[in-house]
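J.: 3D model of this:
(chains A and B)
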Amino acid sequence: MAQAEGQQHPLGVYFKIWALLFVLSAASYMVDYMQIEGYIRWFLIIIFMLLKAGLIVAVFMHMVWERFALVYAVIVPPLVLIVFVGIGALEADYTWFARDIFLSPNDFVVEAHH
Amino acid sequence: MTQTAQATTADSTDLLPGTSGVVADWSSDQRAFKRVPWGKAMMWIFLISDTFIFSCFLIAYMTVRMSTTDPWPYPSEVFALTMFGHKIPLILIAIMTFVLITSSGTMALAVNFGYRKNRRVTFILLLVTALLGATFVGMQAFEWTKLIVEEGVRPWGNPLGAPQFGAVFFMITGFHGTHVSIGVLFLIIVAVKVLRGNMDDERPGFMTGKPQRYEMVETMGLYWHFVDLVWVFIFAFFYLW
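T.: I've put the predicted structure just below:
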């Protein structure tokens, strides 16, 4: 009975994912080490991050072998965070704008535009 | 079981009243997550709540970083170390990342050997995972000391630029470090349970009174992998961005 509920998989899977995680970590560190800048830096950081996160959740946390009832219960709720990121960005945007106008030392220049 | 069957078919007079009714209702045979031990399902529910906590921190970090007009300190240089006469950028954080990934691997193996009912190997792997976790916390203590004593970074400000940097840094890495520390503690507890043969003999658990099985190691593993997962996001957004 306990055997039926357990997650038993061949060891090779774990070693492969382990190696992949090392490679991806090294790759994301190289982004910083090579001083890659601009959009390509952000793109690479996000890609390596998502790949690492995906591999950990899928294999190490056994998500690919779980039934969809559990997978959906775990994956779907955090999707609302995308909305939260949007709200945060909106807030930050006008806060920065207000600070730039009223608090920055060169608000004189901003005045000249009016 | 007969009581549960009655409760679903018969009228409300058969249901237990009051506090025992609460227990009876919630423990009735309504199982959404088939073939998942309840401990594991509950760990997943907890991890979802923890996801929201860390997300709140990271989104708050995004908001303060986007809205500050002061220059943001360059993490690559702040966390650089001089090793062998060279200044290597972000090296301490890179080593911490590798330590945590390594511990995630040993944890995955511990879960696997647990289900093979290999008591000794599971114990050793759990202990190695705990040791790597402790190493991570130790390096984090070193990192904090360096930032507080040498760089003068405080939660309310720092000489490197935007004061929000200190607040975010101590909040996020502190909360993550606490998670790692608690994980190390529980890894040791589970390791001792495994070594004593609690899982082999299916002895009743200290808190639940239910027979302990090697599923416990998997539940522990979920927590530990989650801690590693959070670090993946902190590493990307705080240290590399």
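J.: how many other residues sit next to B:Gly85?
T.: Other residues within reach of B:Gly85, judged by other CB atoms under 10 Å in any protein chain shown, total 5. All C-beta atoms are positioned from the backbone trio N, CA, C, and that covers glycine.
J.: Now do it against B:Glu150, distance only.
T.: Distance, B:Gly85 to B:Glu150, by CB to CB, to the nearest Å: 19 Å.
J.: Any idea what the closest residue to B:Glu202 other than its chain neighbours is bridged to?
T.: The shortest distance from B:Glu202 to any non-neighbouring residue, by CB to CB, 6 or more residues apart in numbering or on different chains, is to B:Pro211 (3.7 Å). Per DSSP bridges, the residues bridged to B:Pro211 are B:Pro204.
J.: Let me see the contact set for B:Pro211.
T.: For B:Pro211, the contact set (CB atoms under 8 Å, 6 or more residues apart in numbering or on different chains) comprises B:202-205.
J.: wait, which of those is closest to chain A?
T.: Distances from chain A to the contacts of B:Pro211, taken as CB to the nearest CB, are shortest for B:Glu202 (8.4 Å).
J.: Helix, strand, or coil at that closest one?
T.: Recorded secondary structure, B:Glu202: coil (DSSP: H, G, I helix; E, B strand; the rest coil).
J.: Which pLDDT does the model give it?
T.: pLDDT for B:Glu202: 89.
J.: I figured it hits B:Glu215, correct?
T.: No - look at B:Glu202 against B:Glu215 with CB atoms under 8 Å: they stay out of range, at 11.0 Å.
J.: neighbour count winner among the two?
T.: Taking other CB under 10 Å, B:Glu202 and B:Glu215 do not tie; B:Glu215 has more neighbours (21 against 14).
J.: Now do that one against chain A, distance only.
T.: Here the distance between B:Glu215 and chain A works out to 6 Å (CB to the nearest CB, to the nearest Å).
J.: okay, now the domains of chain B?
T.: According to automatic domain parsing, chain B comprises the domains B:1-30, B:37-240.
J.: What is the burial count for A:Leu11?
T.: Neighbour count of A:Leu11, defined by other CB under 10 Å: 12.
J.: swap in A:Tyr94?
T.: By other CB under 10 Å, neighbour count at A:Tyr94 equals 10.
J.: Tell me the buried residues in the helix or strand harbouring it?
T.: According to DSSP states H and E, A:Tyr94 maps onto helix A:81-102. Residues of helix A:81-102 classed as buried by neighbour count (16 or more other CB atoms under 10 Å in any protein chain shown): A:81, A:88, A:91-92, A:95-96.
J.: is any part of it close to chain B?
T.: Yes - Helix A:81-102 is in contact with chain B by CB under 8 Å from any CB of the partner chain, via A:81, A:84-85, A:88-89, A:91-93, A:95-96, A:99-100.
J.: can you redo these as TSV with pLDDT and distance to B:Ile188?
T.: Compiled in TSV, those are given as follows (pLDDT from 0 to 100; distance: CB to CB, whole Å):
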residue	pLDDT	distance to B:Ile188
A:Leu81	96	33
A:Phe84	96	36
A:Val85	96	37
A:Gly88	95	38
A:Ala89	95	42
A:Glu91	94	42
A:Ala92	94	42
A:Asp93	93	47
A:Thr95	93	45
A:Trp96	93	46
A:Arg99	89	48
A:Asp100	86	51
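J.: Need those residues in CSV (columns: distance to B:Ile124).
T.: Listed next are these as CSV, based on distance: CB to CB, whole Å:
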residue, distance to B:Ile124
A:Leu81, 38
A:Phe84, 42
A:Val85, 42
A:Gly88, 44
A:Ala89, 47
A:Glu91, 49
A:Ala92, 48
A:Asp93, 52
A:Thr95, 52
A:Trp96, 52
A:Arg99, 55
A:Asp100, 57
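J.: For B:Asp228, state which of those residues is nearest.
T.: Distance to B:Asp228, by CB to CB, is smallest for A:Leu81 among the residues of helix A:81-102 next to chain B, at 19.4 Å.
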